[in-house]
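**Student:** let me see the structure of the following:
(chains A and B)
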Amino acid sequence: MTRPLIGVLALQGDVREHLAALRDQGAGAVAVRRPEELAAVDGLVLPGGESTTIAKLARRFGLLDPLRAAVRAGLPVYGSCAGMILLADRLLDAPQDQETIGGLDVTVRRNAFGRQADSFESEIDLAGLGGGSLHAVFIRAPWVEEAGDEVVVLGRIVGGAADGRIVAVRQGNLVATSFHPELTGDRRVHALFVDIVRRRVAARPAQQAGVAAGTEEEIS
Amino acid sequence: MSAQTPSTGTDRVKRGMAEQLKGGVIMDVVTPEQAKIAEDAGAVAVMALERVPADIRAEGGISRMSDPDMIDGIIRAVSIPVMAKARIGHFVEARVLQSLGVDYIDESEVLTPADEAHHIAKSEFTVPFVCGATDLGEALRRISEGAAMIRSKGEAGTGNVVEATRHMRSIRAGIRALGTMDETELFVAAKELRAPYDLVVEVARLGKLPVVLFTAGGIATPADAAMMMQLGAEGVFVGSGIFKSGDPALRAAAIVQATTFHDDPDVIAKVSRGLGEAMVGLNVSTLPADQRFATRGW
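**Tutor:** Below you'll find the model as predicted:
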């Protein structure tokens, strides 16, 4: 069994929770803040946080273009909340100059459910995830307003004012959720992502795989 | 909680909101224009208040919640979360701020306290609260009242980090001390901290507060922010330090970058160049007792 090394983009946001969730699933997990750290990982998580802040820091520290190149090259990436915004090709309700990494053929609306008073937790059903419905936490969350033909919708809101809104998607090696599985004990979304990374590592030529395995470190 | 009904205002949603702010900088602003500068510089949130602490010190008088028109203007100006300050114990200011749609309320010692004995009963609100604390006992009392985020108090409006340093060290030392205690000792600790026993046990088990811990009070430079992060803060509030400095946009961006790369002196050195004048500082040890904000709240 390969033990993939998965990075968590650590410019801002709930990095520690994602590192813990990935390690629970048997992956190596490291914080990524620099291009050379990005180059060493087999997969990447874009955590929850403030998407405008993360995008600005990525630009300022020369990470944005390496991130785009990595996504184009097929690096598996999972984004939760702000991470979904960062993966989107198109944004609504964002500052005009907000940049994204892109790669996911979706239009994402920021703060789609409203302000913090409207943040909520609820049960949702995710396609392809065994074990019944998942308890999901939505915090000033985005949703997917429109999804391209190659995007597989994994989950939607059922009932209420946002009935039918898309909150979980996958396109190839890219996965995004509006909600924060890292804030609950339910590890099924992380398990799904670690599995995607494992399959990709296993499919790669042997000399490339797991170059930096075993170089775990904790962010302070 | 019903499994199918979406629930708002839960502890998890309130505390989870603060988790998303970690590693970020929250900036005091008094106008929509300042809010926009803060957002452009990479702030994770802005804090609306009537006057920044340095001006409150200079001008004196009673300081209160901002004008609702100003808060509306700030909410319209930016897409990042908007926090706002209410006076300690002033539950009606807090209700007004909640109805205006702010994302977090700071029950703050920087404003003039409205109640000398009682803090706001914060669990009753849908909007989450952040509160200041000088030590672990104070932090736990605020959490038991419903605070979903804690910050050090520091001595706001001075440009002097010495008090924030003291509070961060004190909170962290308190947490470490609990980790070494057995059950009988934890009962005594709860009594001495004047905090609920269950919360004391939870902190001893976790080795951290059950909510996010930021720092605030006197942070004026990128190096100040980085030092607080290394002392265990999970993020930074900057008050007067930005808009009382020579070049607010540049200094704001520099503090954001230093917070992310708080453990990298090369980055901190780079972003600290050419920032212009820092805010003029005050020496906390010569401040008369009645001008100290950190002693407000109990």
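**Student:** for stretch B:125-144, what is the average pLDDT?
**Tutor:** Stretch B:125-144 carries an average pLDDT of 98.
**Student:** an error on my part: the question was meant for stretch B:225-237.
**Tutor:** Per-residue scores along stretch B:225-237 average to 98.
**Student:** for it, which outside residues touch it?
**Tutor:** Here stretch B:225-237 makes contact (Cβ atoms under 8 Å, 6 or more residues apart in numbering or on different chains) with A:220, B:21-28, B:44, B:47, B:151-152, B:161, B:164-165, B:168-169, B:171-172, B:212-217, B:219, B:238, B:255, B:258-259, B:261-263, B:268. (C-beta placed from N, C-alpha, C; glycine too.)
**Student:** and the helix ranked longest in chain B, what other elements does it pack with?
**Tutor:** If you go by DSSP state H, chain B has its longest helix at helix B:162-179. Other helices and strands packing on helix B:162-179, by 3 or more Cβ pairs under 8 Å, 6 or more residues apart in numbering or on different chains; DSSP states H and E, are helix B:136-144, strand B:149-152, helix B:183-193, helix B:197-206, helix B:222-230.
**Student:** could you redo the last one with a cut-off of 10 Å?
**Tutor:** Counting by 3 or more Cβ pairs under 10 Å, 6 or more residues apart in numbering or on different chains; DSSP states H and E, the packing neighbours recorded for helix B:162-179 are strand B:129-133, helix B:136-144, strand B:149-152, helix B:183-193, helix B:197-206, strand B:212-214, helix B:222-230.
**Student:** B:Leu97: which of these is closest?
**Tutor:** B:Leu97 lies closest, by Cβ to Cβ, to one member of these: strand B:129-133, at 10.0 Å.
**Student:** packing partners for that closest one?
**Tutor:** So strand B:129-133, by 3+ Cβ pairs under 10 Å, 6+ apart, packs with strand B:82-87, strand B:104-108, helix B:136-144, strand B:149-152, helix B:162-179, strand B:212-214.
**Student:** okay, and the helix or strand of chain B with the least pLDDT?
**Tutor:** Using mean pLDDT, DSSP states H and E, the weakest-scoring helix or strand in chain B turns out to be helix B:53-59, at a mean of 86.
**Student:** which residues touch that helix?
**Tutor:** With Cβ atoms under 10 Å, 6 or more residues apart in numbering or on different chains as the test, helix B:53-59 has contacts from B:28, B:30, B:49-52, B:62-63, B:108-112, B:154-159, B:216-218, B:239-241, B:243-244, B:279-282, B:287, B:291, B:293.
**Student:** taking the residues you listed, please make a PyMOL selection of just the buried ones.
**Tutor:** Buried residues among the contacts of helix B:53-59 (16 or more other Cβ atoms under 10 Å in any protein chain shown), as a PyMOL selection:
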select buried, chain B and resi 28+30+49+50+51+52+63+108+109+110+111+154+155+156+157+158+159+216+217+218+239+240+241+243+244+279+282+287+293
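**Student:** from the contacts of helix B:53-59, which ones fall inside strands?
**Tutor:** B:Asp28, B:Ser108 (DSSP state E).
**Student:** out of the contacts of helix B:53-59, list just those in helices.
**Tutor:** Within the contacts of helix B:53-59, residues falling in helices by DSSP H are B:Ser240, B:Gly241, B:Phe243.
**Student:** between those, which is nearest A:Ala39?
**Tutor:** B:Gly241 (36.1 Å).
**Student:** give me the pLDDT for that closest one.
**Tutor:** According to the model, B:Gly241 scores 88 on pLDDT.
**Student:** ok, back up a step: helix or strand right after the least confident helix or strand of chain B?
**Tutor:** Using DSSP states H and E, the helix or strand that follows helix B:53-59 towards the C-terminus is helix B:68-77.
**Student:** what's the angle from that next one to strand B:82-87?
**Tutor:** Relative orientation of helix B:68-77 versus strand B:82-87 (axes from the mean of the first three to the mean of the last three Cα atoms, to 10 degrees): 160 degrees.
**Student:** relative to A:Asn173, which of the helices and strands packed on helix B:162-179 is closest?
**Tutor:** Relative to A:Asn173, the nearest member of these by Cβ to Cβ is strand B:212-214, separated by 31.6 Å.
**Student:** what comes up buried for the longest helix seen in chain A?
**Tutor:** Taking DSSP H as the criterion, chain A has its longest helix at helix A:188-203. When burial is assessed from 16+ other Cβ under 10 Å, helix A:188-203 yields the following buried residues: A:Arg188, A:Val189, A:His190, A:Ala191, A:Leu192, A:Phe193, A:Val194, A:Ile196, A:Val197, A:Arg198, A:Arg200, A:Val201.
**Student:** the spatially most central residue of chain A bridge partners, please.
**Tutor:** Nearest residue to the geometric centre of chain A (Cα atoms, centre = their mean): A:Gly79, 1.3 Å. A:Gly79 has these beta-bridge partners by DSSP bridges: A:Leu46, A:Ala176.
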